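Engineer: Any chance you could fold what I've pasted below:
(one chain, ligands or ions: 3)
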Amino acid sequence: MNDKKIPTHVAIILDGNGRWAKKYGQPRSFGHYQGGRNLFTVAKAAQKLGIKKLTVYAFSTENWKRPEDEVNYLMTKPIEMFHENRDRIKEIDYKITFVGRRDRFSKELLEVIQIIEAETKAHEGFELTIAADYGSYDEIVKAANQSEKPITIESIEKHLMVKQPVDLLIRTSGEQRLSNFLLWQASYAEFYFTKVHWPAFSEKELKKAIKSYQDRNRRFGGLA
Ligand code: IPE
Ligand code: IPE
Ligand code: MG
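Structural biologist: Ligands and ions are numbered 1, 2, ... in the order given. Sure, this is the predicted structure:
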């Protein structure tokens, strides 16, 4: 890995929590729990490596289709984990923001989101953006509706929830699709797919993805 060609904006589709849990004979919820914890480990590693922005897909606008008990776990466990780790939030030295719909969350979850955003707002250098109840279709339609007329590429971009283009997009657990994540922003992203399930994705795996990125030739439609 080359320390000089670090991607500015990395996005990760955090997939495979369920399959990881199954592999260890555990319920899917255990995979989500370990996946949630791993998010902060990987964010710290990304910050250390010099990445400026990490955007992670935690819950899609389509994930509401899952069984009620799973959705319920995903919507309530983070609240519990926040309160259990209340003192440690102060130790977070980077900015955390959330993107996605906010109208389908409970009052308690919204409160947690607001506190985390407010308490990390002043931090500079690295930003972790958590996409929750996020879908690109929803984001682009909203941006188009908010845009001044006539609509242009710039006027849409101005209203997107995620404004920076993605340099490197990682998807864990073997699937090779976007599942409605950052369709616009990933237009010229480099893709990296790994079979490793999200709860097992480590700093070492992140470095492998960056190494792969550094070996590519990004042309943006031009010539090398
Ligand atoms: C990713 O893991 C987390 C969410 C989508 C909420 P999955 O829950 O999709 O795990 P698999 O893909 O079923 O293994
Ligand atoms: C994509 O994973 C959404 C998140 C990781 C939050 P899914 O597991 O929902 O994607 P599909 O259904 O396999 O495409
Ligand atoms: Mg999945």
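
Engineer: interface residues of this protein facing ligand 1?
Structural biologist: 14-19, 59, 63, 74, 173 (CB under 6 Å from any ligand atom). Backbone N, C-alpha and C define where each C-beta goes, glycine included.

Engineer: would you turn those into JSON lines with pLDDT and neighbour count?
Structural biologist: Output for the residues of the chain next to ligand 1, formatted as JSON lines (pLDDT from 0 to 100; neighbours: other CB atoms under 10 Å):
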{"residue": "Leu14", "pLDDT": "98", "neighbour count": "25"}
{"residue": "Asp15", "pLDDT": "98", "neighbour count": "22"}
{"residue": "Gly16", "pLDDT": "99", "neighbour count": "25"}
{"residue": "Asn17", "pLDDT": "99", "neighbour count": "24"}
{"residue": "Gly18", "pLDDT": "98", "neighbour count": "21"}
{"residue": "Arg19", "pLDDT": "98", "neighbour count": "16"}
{"residue": "Phe59", "pLDDT": "98", "neighbour count": "23"}
{"residue": "Asn63", "pLDDT": "98", "neighbour count": "17"}
{"residue": "Leu74", "pLDDT": "98", "neighbour count": "20"}
{"residue": "Ser173", "pLDDT": "98", "neighbour count": "21"}
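
Engineer: Filter these down to just the ones in helices.
Structural biologist: 17-19, 74 (DSSP state H).

Engineer: Quick check: the two most widely separated of those?
Structural biologist: Arg19 and Leu74 (15.9 Å; CB to CB).

Engineer: quick one: strands adjacent to the host helix or strand of Ala132?
Structural biologist: For Ala132, the element it lies in under DSSP states H and E is strand 127-134. Sheet pairing of strand 127-134 (DSSP bridges) gives strand 53-60 (parallel), strand 95-99 (parallel).

Engineer: How about residues contacting it?
Structural biologist: Surrounding strand 127-134, the residues in contact under the criterion CB atoms under 8 Å, 6 or more residues apart in numbering are 39, 43, 46, 52-61, 64, 94-102, 104-105, 113, 161-162, 181.

Engineer: can you rerun that using 6 Å?
Structural biologist: 43, 53-59, 61, 95-101, 104 (CB atoms under 6 Å, 6 or more residues apart in numbering).

Engineer: tell me the mean pLDDT for that strand?
Structural biologist: The average pLDDT for strand 127-134 rounds to 99.

Engineer: who's in contact with stretch 91-98?
Structural biologist: 47, 113, 116-117, 120, 123, 126-130, 132.

Engineer: got the contact list for the spatially most central residue of the chain?
Structural biologist: In the chain, the C-alpha nearest the mean C-alpha coordinate belongs to Val56, at 0.6 Å (CA atoms, centre = their mean). Residues near Val56 by CB under 6 Å, 6+ apart: 12, 14, 130.
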